[in-house]
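Participant: predicted coordinates and the sequence they were generated for:
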Amino acid sequence: MSTLFSATIQCQEIVYPVIETDPVLTNNGADDPAIWLHPTNPDSSFFVGTNKLGQGRLELYNLDGTRFFSTVDGTTYNNVDVMYDYVLNGDTIDLVGACNKPDTSLDFFKIDPETRTLINITGDNDVEMSDMYGFSMYNDICNGIFYAFLTRRTVNGYAYQYEMINTSEGLINIELVRTITNLPSRTEGMVADPVLGHFYIAEESVGIWKYGARPEDGEVRVLMDSVSGPNLTAAIEGLCIYYSGDSTGYLLASSQGADDFQVYDRAGDNEFFGAFEIDDNVEDDVDGVYHADGIDVLSFPLGSMYPNGVFITHDLSNDVGYSNYKTVHWNDIADALDLDVVLDINPRSFGDGLCDTTDTTITNLVEFNRYTLSLFPNPTNENIHLQGLPSRLLNSTIQVYSITGEVVLSERLKGNQLEVRHLPAGRYFIRIEEHVVSFVKS
């Protein structure tokens with residue numbers, strides 16, 4: 001195990017909220033938000049949040065924070081996520097997914113962009129876990145497979161990965177494909193990177209772990225940052241990613257115990273860039289954020305209200321009414337911590353072109369006529385092993401290409417092993433005869 005974090009304490013910056021959503025309707029049940037970008041009219045985008053207490057529900061909010069839609073009362077949803085461009089029996093749709101505690105199921109909703117409502121398309125998804133807690137979705141863009149992640153509140157910190165499977169009736173079923181058992185205490189916040197192939201999970205009293213996002217990546221991990229270091233304070237709650245390019249951007253976390261938020265490099269060793277607090281906006285009468293849980297962020301312009309992107313967070317200590325959600329202009333966070341503002345990363349086209357070449361589709365497992373080749377570990381930060389390579393290709397010279405098609409490495413194999421430790425973080429391609437396989441350098 002290795003621990004990767006900066007030992008330099010960064011300046012704690014102050015930013016201010018722009019708007020706050022209507023408080024949840026019952027108890028202090030707000031917990032986790034997500035952002036949905038409308039495909040043609042960004043001003044019609046919305047925020048979705050969970051109400052996990054009392055007569056629970058999912059609630060949709062306009063960009064000005066007003067509630068305009070709720071699911072049926074009585075369903076306690078703890079965490080929620082948005083998935084773009086899900087392929088459902090030939091149709092491309094956007095999804096809202098959430099963990100349904102009373103029914104012990106993972107629920108999926110099709111977003112109707114015209115009516116801005118949610119249509120339940122949940123199949124047979126009973127996971128038999130009344131203590132479900134964290135939830136997130138992941139699109140393995142190079143393999144065309146969609147997954148959902150789930151954690152439990154009371155049984156260690158186990159995490160479960162499910163493949164999302166379509167039914168002939170247009171519903172979504174799930175199938176368990178991986179269980180992560182090396183998390184001995186409570187976990188909730190999760191996010192997966194569809195291009196770099198990382199899966200981050202917050203063990204609340206320990207820190208942030210980084211795994212591979214595919215089922216075959218197993219339980220190999222690194223401790224990206226720890227509460228024993230200078231940056232994080234338990235409990236670590238929400239995680240989200242700001243995308244500024246194919247392999248650039250930021251991982252954000254919420255430290256509930258310190259009422260602040262941390263920003264890390266998305267790539268490489270996840271360098272720590274700094275932390276910020278969200279204080280009272282006296283001028284606009286929006287109170288600050290305390291005891292935050294879930295968070296989300298979007299780099300693409302979100303209508304006239306958020307021309308430079310938006311960050312949204314749960315706020316337990318709302319000053320009027322029950323708990324709610326607060327938003328911050330991304331450019332205010334970027335200015336405070338000297339971060340990038342990138343406005344052309346549309347979540348619907350993110351990763352386009354990374355997995356296609358002129359003559360093949362790239363995966364990390366390619367079946368040849370004479371043999372099957374797999375790469376592991378993937379992602380890797382030192383060496384890549386080519387398992388299944390025929391003996392005539394052992395010790396041969398292999399060329400590695402960048403996502404732009406440039407040869408970045410021409411190296412002789414050491415048996416079936418290729419050293420890639422000196423490559424920058426990102427996705428790369430290896431051509432083996434007439435085929436192409438891909439790997440991620442972490």
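Facilitator: Yep, that arrived. Residues are numbered from 1 along each chain as shown.
Participant: how near is the most far-flung residue of the chain relative to its centre to residue 194?
Facilitator: For the chain, the largest distance from the centre (Cα atoms, centre = their mean) belongs to residue 392, which lies 40.9 Å off. Residue 392 sits 35 Å away from residue 194, going by Cβ to Cβ, to the nearest Å. (Glycine included, C-beta is placed from N, CA and C.)
Participant: ok, what's across the strand from the nearest residue to residue 148 once chain neighbours are set aside?
Facilitator: Once flanking residues are discounted, residue 148 sits nearest to residue 162: 4.8 Å by Cβ to Cβ, 6 or more residues apart in numbering. Beta-bridge partners recorded for residue 162 (DSSP bridges): residue 148, residue 176.
Participant: is it true that residue 162 touches residue 176?
Facilitator: Yes. Using Cβ atoms under 8 Å, residue 162 makes contact with residue 176 at a distance of 5.6 Å.
Participant: who's more crowded, these two?
Facilitator: residue 162 (21 against 12; other Cβ atoms under 10 Å).
Participant: so which bits of stretch 393-412 are buried?
Facilitator: Going by neighbour count (16 or more other Cβ atoms under 10 Å), the buried part of stretch 393-412 is 393, 398, 400, 401, 402, 403, 408, 409.
Participant: quick check, nearest of the residues you listed to residue 33?
Facilitator: residue 403 (31.5 Å; Cβ to Cβ).
Participant: tell me the predicted confidence for residue 380.
Facilitator: pLDDT for residue 380: 84.
Participant: strand partners (parallel or antiparallel) of the host helix or strand of residue 398?
Facilitator: Secondary structure assignment for residue 398, by DSSP states H and E: strand 397-401. If you go by DSSP bridges, strand 397-401 pairs up with strand 407-412 (antiparallel), strand 426-432 (antiparallel).
Participant: run the chain-centre distance for the first one.
Facilitator: Meaning strand 407-412. Centroid separation for strand 407-412 versus its chain: 32 Å, with Cα atoms, centre = their mean, to the nearest Å.
Participant: re earlier: and the buried residues of stretch 393-412, which two are furthest apart?
Facilitator: 393 and 403 (24.1 Å).
Participant: by mean pLDDT, flag the weakest helix or strand of this structure.
Facilitator: None of the helices or strands of the chain scores lower by mean pLDDT, DSSP states H and E than strand 365-367, at a mean of 46.
Participant: in what helix or strand does the most centrally placed residue in the chain lie?
Facilitator: The centroid of the chain falls nearest to residue 191 when counting by Cα atoms, centre = their mean (2.8 Å). Element membership of residue 191, judged by DSSP H and E, is strand 187-192.
Participant: and that strand, what does it pack onto?
Facilitator: strand 132-140, strand 145-152, strand 198-203, strand 236-243, strand 249-255 (3 or more Cβ pairs under 8 Å, 6 or more residues apart in numbering; DSSP states H and E).
Participant: so how far is residue 173 from residue 146?
Facilitator: Distance of residue 146 to residue 173, given as Cβ to Cβ: 12 Å.
Participant: joint contacts of these two?
Facilitator: Counting by Cβ atoms under 8 Å, 6 or more residues apart in numbering, the shared contacts of residue 146 and residue 173 are residue 164.
Participant: ok, the two, which is more surrounded?
Facilitator: Legend: neighbour count by other Cβ under 10 Å for residue 146 and residue 173, higher for residue 146 (23 against 16).
Participant: closest to residue 131 out of the strands paired with strand 397-401?
Facilitator: Of the strands paired with strand 397-401, nearest to residue 131 by Cβ to Cβ is strand 426-432, at 36.3 Å.
Participant: now the very next helix or strand once past the closest one and strand 397-401, what's the angle there?
Facilitator: For strand 426-432, the following helix or strand on the C-terminal side (DSSP H and E) is strand 435-441. Computed by axes from the mean of the first three to the mean of the last three Cα atoms, to 10 degrees, the angle separating strand 435-441 from strand 397-401 equals 70 degrees.
Participant: the inter-axis angle of strand 435-441 versus strand 198-203?
Facilitator: 30 degrees.
Participant: could you give me the average pLDDT of strand 435-441?
Facilitator: Averaging pLDDT residue by residue across strand 435-441 gives 76.
Participant: from the chain's centre, how far out does that strand sit?
Facilitator: 22 Å.
Participant: on contacts alone, who are the packing partners of it?
Facilitator: Against strand 435-441 (3+ Cβ pairs under 8 Å, 6+ apart) you get strand 365-367, strand 372-376, strand 426-432.
Participant: ok, 6 Å please
Facilitator: Other elements packing on strand 435-441 under the criterion 3 or more Cβ pairs under 6 Å, 6 or more residues apart in numbering; DSSP states H and E are strand 426-432.
Participant: okay, now the unreliable bits of this structure?
Facilitator: Low-confidence segments of the chain (pLDDT under 70): 1-11, 355-373, 391, 403-404, 433-436.
Participant: quick one: the helices in it?
Facilitator: 330-337 (DSSP state H).
Participant: for it, what's the longest strand?
Facilitator: strand 77-88 (DSSP state E).
Participant: which parts of that one are buried?
Facilitator: So for strand 77-88, counting by 16+ other Cβ under 10 Å, buried means 77, 78, 79, 80, 81, 82, 83, 84, 85, 86, 88.
Participant: what sits against the second one?
Facilitator: Counting by Cβ atoms under 6 Å, 6 or more residues apart in numbering, residue 78 touches 52, 99, 133.
Participant: against residue 100, how distant is the first one?
Facilitator: Distance check for residue 52 against residue 100: by Cβ to Cβ, it reads 11 Å.
Participant: ok so, going back, got the strands paired with strand 397-401 as CSV, with distance to residue 29 columns?
Facilitator: Listed next are the strands paired with strand 397-401 as CSV, based on distance: least, Cβ to Cβ, whole Å:
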stretch, distance to residue 29
strand 407-412, 50
strand 426-432, 40
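Participant: for residue 274, find the nearest of those.
Facilitator: So among these, strand 426-432 is nearest, using Cβ to Cβ, at 23.6 Å.
Participant: could you list the residues in contact with the closest one?
Facilitator: Contacts of strand 426-432 (Cβ under 6 Å, 6+ apart): 247, 354, 398, 400, 401, 403, 436, 437, 438, 439, 440, 441.
Participant: now, the most widely separated pair of the residues you listed?
Facilitator: 247 and 398 (21.1 Å).
Participant: next, count neighbours for residue 175.
Facilitator: Neighbour tally, residue 175, other Cβ under 10 Å: 11.
Participant: try residue 317
Facilitator: Count around residue 317 with other Cβ under 10 Å applied: 13.
Participant: tell me the bridge partners for residue 241.
Facilitator: Residues in beta-bridge contact with residue 241 (DSSP bridges): residue 251.
Participant: what number of residues lie near it?
Facilitator: Other residues lying near residue 241 total 22 when counted by other Cβ under 10 Å.
Participant: kindly report the same for the one 3 residues further on.
Facilitator: Counted with other Cβ under 10 Å, the neighbours of residue 244 add up to 20.
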